[in-house]
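Chemist: based on what follows, work out the 3D shape:
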Amino acid sequence: MDLLRSLPLGLYLDEPITWLHRLDPRVKLAWLLSILAAPILANSTWRILLVGLLILLTFIAAIPLRVWRQQLGWLLMLSFFILVIAAVSPDSLSVESHPRLPANEIAFVEHPPIAPLKQQRSWYNPIGLGQKPAAQTTLPQPTDYRYVLLQQGIFRVTRRSLNMAVNYSTLLFTLIYSSNLYLLTTAPEEITAGIESWMQPLRRLKWPITEIALTLTLSLRFIPLVLEEVQNLSRSIQTRAINWKKLGLKGAVRVWMMVAERLLENLLLRAEQMSNAMVVRGFTSANTHRVQWHQLRLKRGDSMALLGLVVFWGARLVWGNGS
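Modeler: So this is what the prediction gives:
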């Protein structure tokens with residue numbers, strides 16, 4: 001099992017270089033924040049179109065099939081399961097609630113007693129023997145509106161439950177895949193440079209912007225190391241051919257606790273090695289050892305992307321409003 005290839009979530013794609021790679025990281029960050037904020041208070045149609053836009057961007061960018069096939073397939077399957085489960089779940093509108101106490105206790109107490117029933121005559125017919133049943137008339141529906149869309153046994157799909165299911169599934173897909181697409185086409189140094197550029201106004205409040213950017217860069221660089229350590233430990237367990245049935249529950253928990261402890265030790269050792277390497281090279285502060293990895297310049301493609309962002313928000317305000 002190769003985690004660095006089977007789980008490419010959050011990893012940067014070095015080759016091939018697509019047009020998404022060439023965009024300015026600040027423009028891509030603005031698009032990412034817009035895509036994450038657009039589903040708020042939006043209708044179901046807009047949410048579905050947003051999912052289609054992300055899939056269309058993947059195809060237009062010509063990202064290799066080996067990169068997005070597995071993760072996009074699993075994510076679509078997970079979103080479909082959430083859609084089905086939420087659609088057949090109760091919509092919480094058919095539940096009737098009654099107060100424990102009457103609304104007006106005084107009126108309830110002072111209510112006049114119920115008059116006794118009058119003695120019925122001998123010809124009284126309580127069950128209607130000999131009488132013809134009244135004809136039942138069925139009034140036609142004025143419109144084709146139906147609140148219950150599907151009723152099959154215990155499964156019941158209503159308009160509200162279907163709307164909630166679409167919102168949940170599309171929101172999950174948008175949050176995960178948009179962030180992954182951004183990390184896939186943007187190097188960690190570009191991400192930190194873009195965030196540092198956006199945070200420049202906070203320097204007036206004496207915020208350590210450069211230190212925050214350095215910490216973010218190191219954390220992004222540390223993600224592949226974590227995956228590598230997990231991969232090495234999983235391979236070491238597979239090569240030992242452990243018989244989990246003989247170990248039982250307590251033995252299996254003990255083994256996994258040992259693996260987790262070893263993983264933590266390896267990660268702390270890697271972090272210490274990184275800090276020692278920075279100290280040996282004379283690193284004292286982020287400001288004195290500042291390195292410009294990328295020069296942020298807006299190009300023609302960035303201007304077109306910003307214009308597309310304006311069109312995106314215009315369409316969101318015109319056609320995307322609703323619940």
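Chemist: use CA for all of it now, contacts and neighbours both
Modeler: Will do.
Chemist: which parts of the chain belong to which domain?
Modeler: Domain assignment for the chain by automatic domain parsing gives 1-93+147-187+300-323, 210-293.
Chemist: now tabulate those in TSV and tack on mean neighbour count.
Modeler: As requested, the domains of the chain are exported to TSV (neighbours: other CA atoms under 10 Å):
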stretch	mean neighbour count
domain 1-93+147-187+300-323	16
domain 210-293	13
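Chemist: wait, which of the ones you listed is closest to Trp198?
Modeler: Of all the domains of the chain, the one in closest proximity to Trp198, counting by CA to CA, is domain 1-93+147-187+300-323 (7.5 Å).
Chemist: how far out from the middle of the chain is that closest one?
Modeler: Computed by CA atoms, centre = their mean, to the nearest Å, the chain-centroid distance of domain 1-93+147-187+300-323 equals 9 Å.
Chemist: I'd like the mean pLDDT over it, please.
Modeler: Here the mean pLDDT over domain 1-93+147-187+300-323 is 86, rounded to a whole number.
Chemist: hmm, back to that, with distance to Arg203 added, can I get the domains of the chain in CSV?
Modeler: As requested, the domains of the chain are exported to CSV (distance: least, CA to CA, whole Å):
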stretch, distance to Arg203
domain 1-93+147-187+300-323, 18
domain 210-293, 10
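Chemist: figure out which of those is closest to Leu202.
Modeler: domain 210-293 (11.0 Å).
Chemist: strands along the stretch 51-200 of the chain, start to end?
Modeler: Using DSSP state E, counting those that start in this stretch, the strands of the stretch 51-200 of the chain run over 148-152, 155-158.
Chemist: how about these in a markdown table, adding distance to Glu189?
Modeler: A markdown table is the format used below for the strands of the stretch 51-200 of the chain (distance: least, CA to CA, whole Å):
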| stretch | distance to Glu189 |
| --- | --- |
| strand 148-152 | 51 |
| strand 155-158 | 48 |
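Chemist: so which of the ones you listed is nearest Ala87?
Modeler: Each of the strands of the stretch 51-200 of the chain has some distance to Ala87 by CA to CA; the shortest is strand 155-158, at 5.8 Å.
Chemist: what strands line up against the closest one, and which way round?
Modeler: Within its sheet, and counting by DSSP bridges, strand 155-158 is paired with strand 148-152 (antiparallel).
Chemist: dump the strand it pairs with to CSV, restricted to CA.
Modeler: What follows is the C-alpha trace of strand 148-152 in CSV, where atoms were taken according to Å, rounded to 0.1, in the frame of the first residue of the first chain:
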residue,chain,number,x,y,z
VAL,A,148,-44.7,13.3,-0.7
LEU,A,149,-42.7,12.4,-3.8
LEU,A,150,-42.2,8.7,-3.1
GLN,A,151,-43.9,6.3,-0.7
GLN,A,152,-42.7,2.7,-0.8
